[in-house]
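Participant: the following block contains a protein sequence and its predicted model.
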Amino acid sequence: MKRSRAMDALHGLDPAGGDPGSPDSPQARRMLASVMAADDGGPPPRSPRRGSAVTFALVAVIAVAAGFGLWKAFGPVLSNHPNRPVGRTAVPTPGPTTGRVGTPLATTAPTEPAAPQMYEVTATVQQFGDEGPEICLGGRTLPLPPSKCGRVPITNWDWDQVKGEQRSPGDPSGNGYPGDIEGDYHLTGTFDGTSFTVTDVGPPRTPPDSADDFTPPCETPTGGWIAPDPSRTGQVDLDKANRLAAHEPDFAGLWVYYVVEPGNDGSSGPNDMVITAAFTGDLERHRQALEQVWGGPLCVVQFDHSQDELTHIQNQLTNTGAKEFGFSFLGDGVDVVHNRVEVDVVFADEAMQAAVDQRYGPGVVVLSPELKPVTATASPSPAATS
């Protein structure tokens with residue numbers, strides 16, 4: 001049946017619009033659709049189901065809220081993008097081509113977990129009797145057993161898989177004391193803040209030369225460092241200059257640089273060494289005072305922190321630094337050349353150094369860890385594991 005004939009039939013029911021027979025009424029539209037479908041050989045269309053649409057909207061709202069809550073709680077773990085959760089889509093999403101609800105989008109594979117940070121150290125591995133093996137950091141006392149060092153337990157050490165260890169005899173009384181073992185090795189592995197897990201073992205490595213550069217920070221005079229008064233360049237004169245400088249409240253340090261190394265008997269020529277004296281202010285006054293007792297080459301410089309100030313900070317860190325900043329304390333000292341306090345610790349990260357900087361100021365205190373971070377992951381070694 002053509003649409004015109006169907007419309008004529010509908011108008012014939014009741015030409016007035018607004019009643020059930022009107023072409024604009026819902027009943028009329030359903031009848032028209034039925035007639036048209038019958039004429040085309042297809043089934044009549046189903047009326048829309050308002051209830052199912054409402055239900056879908058409600059489910060979508062709940063799913064979106066739940067998905068957002070999960071992302072807020074676990075986003076750093078589940079997502080490699082701040083706005084795109086990884087894995088299954090939380091709610092039905094229109095497909096990329098059909099646009100129909102329920103067509104899944106392509107998903108992103110979960111990211112691989114980051115490799116653990118590796119650390120390395122050349123140190124003594126020791127084991128006392130039936131205690132577990134440990135790394136001894138920060139120096140030791142001979143003979144065995146070392147009485148004082150930073151002791152870090154090793155989780156997977158096997159003495160049968162390494163060479164070069166030294167063993168002390170067990171208890172001669174026959175009570176079964178197994179004796180002590182120690183050896184020096186270069187270790188690579190992971191550190192969880194308490195214990196060390198070895199992934200590679202090798203022979204000990206000689207650390208790089210870390211000697212301070214005592215070169216005077218003053219510009220070298222034209223013609224080199226020449227003593228104005230060679231008669232006052234002996235050890236007695238040097239001691240006088242040191243005492244005079246250290247007596248000043250703003251004294252920041254004093255050191256000697258040898259232009260020419262001393263002889264076998266320790267003697268030096270008048271031009272062979274330069275004194276550098278550091279203060280926090282009034283440099284000209286200090287220079288004139290030192291020139292009265294020292295006739296050799298002299299360099300006077302200004303530093304930010306007096307030695308008394310740095311010594312006070314050093315004492316604080318010795319007494320309370322481990323508790324306040326969470327590091328394992330091994331030793332400390334005042335670095336005169338760099339005008340700072342250096343603290344030897346088992347381990348230190350950026351957050352720990354930042355906390356120290358905030359407390360004392362950037363560069364005033366430097367944490368020097370024994371466990372050094374490495375950039376490449378070492379291959380597992382059978383010598384390390386048991």
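Facilitator: Perfect, thanks for sending it.

Participant: please parse the protein into its domains.
Facilitator: Domain ranges of the chain: 3-40, 118-202, 230-302, per automatic domain parsing.

Participant: what's near enough to touch residue 301?
Facilitator: By Cβ atoms under 8 Å, 6 or more residues apart in numbering, residue 301 lies in contact with 217-218, 276-279, 283. (Glycine included, C-beta is placed from N, CA and C.)

Participant: could the domains of the chain be laid out in CSV, adding mean pLDDT and distance to residue 317?
Facilitator: Shown next, in CSV, are the domains of the chain (pLDDT from 0 to 100; distance: least, Cβ to Cβ, whole Å):
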stretch, mean pLDDT, distance to residue 317
domain 3-40, 47, 85
domain 118-202, 84, 15
domain 230-302, 95, 18
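
Participant: to residue 319, which of the ones you listed lies closest?
Facilitator: domain 118-202 (17.1 Å; Cβ to Cβ).

Participant: now do the end-to-end distance for stretch 156-164.
Facilitator: 18 Å (Cα to Cα, to the nearest Å).

Participant: stretch 267-283 too?
Facilitator: First-to-last residue span, stretch 267-283, Cα to Cα: 30 Å.

Participant: before we move on, the earlier item: format the contacts of residue 301 as a markdown table; extra columns: distance to residue 135.
Facilitator: Below are those laid out as a markdown table (distance: Cβ to Cβ, whole Å):
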| residue | distance to residue 135 |
| --- | --- |
| 217 | 38 |
| 218 | 43 |
| 276 | 38 |
| 277 | 41 |
| 278 | 37 |
| 279 | 42 |
| 283 | 46 |
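
Participant: can you pull out the strands in the stretch 151-300 of the chain?
Facilitator: Remark: strands assigned in the stretch 151-300 of the chain by DSSP state E, counting those that start in this stretch are 166-167, 180-191, 196-202, 251-258, 273-279, 298-302.

Participant: determine which stretch of the ones you listed is the most buried.
Facilitator: The highest mean neighbour count among these, using mean count of other Cβ atoms under 10 Å, belongs to strand 273-279: a mean of 23.

Participant: who does it touch, helix- and strand-wise?
Facilitator: helix 235-246, strand 251-258, helix 283-291, strand 298-302 (3 or more Cβ pairs under 8 Å, 6 or more residues apart in numbering; DSSP states H and E).

Participant: nearest to residue 223, of these?
Facilitator: Residue 223 lies closest, by Cβ to Cβ, to one member of the helices and strands packed on strand 273-279: strand 298-302, at 15.2 Å.

Participant: let me know the pLDDT of residue 210.
Facilitator: At residue 210, the pLDDT value in this model is 66.

Participant: just grab the bridge partners of the closest residue to residue 215 other than its chain neighbours for me.
Facilitator: Leaving aside its chain neighbours, residue 215 sits nearest to residue 257 (5.9 Å; criterion: Cβ to Cβ, 6 or more residues apart in numbering). Beta-bridge partners of residue 257, counted by DSSP bridges, are residue 274.

Participant: contacts only, for residue 257.
Facilitator: Listed by Cβ under 8 Å, 6+ apart, the contact partners of residue 257 are 214-216, 273-274, 276.
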